[in-house]
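S.K.: Need a 3D model of the following:
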Amino acid sequence: MPTITKRDLVVRISNETGMTQQQVFDVLQHFIDDATACLAQGDEVVLRNFGTFQVKRTEPKIGRNPNKPEIAVPIPARAVVKFKPGKELKERVAKVLPKLKG
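M.R.: Purely as a prediction, here's the structure:
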């Protein structure tokens, strides 16, 4: 399956809407900047029918160095972004499986 980049999205949206690529790029970049700022404050970003981005806290734990498993390595708690897909996205992605090879 191909990778779709921000540039690819800009071109697609520009072709579909008649907006210039620069206008689409600016809107997309503003969305990314605003969503990032909201998540950095611990807020949730909800896009109906697409999904929800949430900041979750991981608990501190003890890890192991694979090269020296006898040495315990403390891993501190941290904040990570989790994505929970919405119902419509789940349903549409579920239909991809027969198309995937291998």
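
S.K.: contacting residues for the residue positioned nearest the centre of the chain?
M.R.: Centroid-nearest residue in the chain: F83, 6.1 Å away (criterion: C-alpha atoms, centre = their mean). Residues near F83 by C-beta atoms under 8 Å, 6 or more residues apart in numbering: 51-54. Bear in mind the C-beta positions are built from the backbone N, C-alpha and C, glycine included.

S.K.: swap the cut-off to 10 Å and go again
M.R.: F83 sits next to 45, 50-54, 89 when contact means C-beta atoms under 10 Å, 6 or more residues apart in numbering.

S.K.: I'd like to know which of these is nearest to K61.
M.R.: Nearest to K61 among those is Q54, at 20.4 Å by C-beta to C-beta.

S.K.: what helix or strand does the closest one sit in?
M.R.: strand 51-58 (DSSP states H and E).

S.K.: Check A72 too.
M.R.: Assigned by DSSP H and E, A72 belongs to strand 68-75.

S.K.: pLDDT on the strand or helix carrying L39, on average?
M.R.: L39 is part of helix 21-40 when elements are defined by DSSP H and E. Taken as a whole, helix 21-40 has a mean pLDDT of 98.
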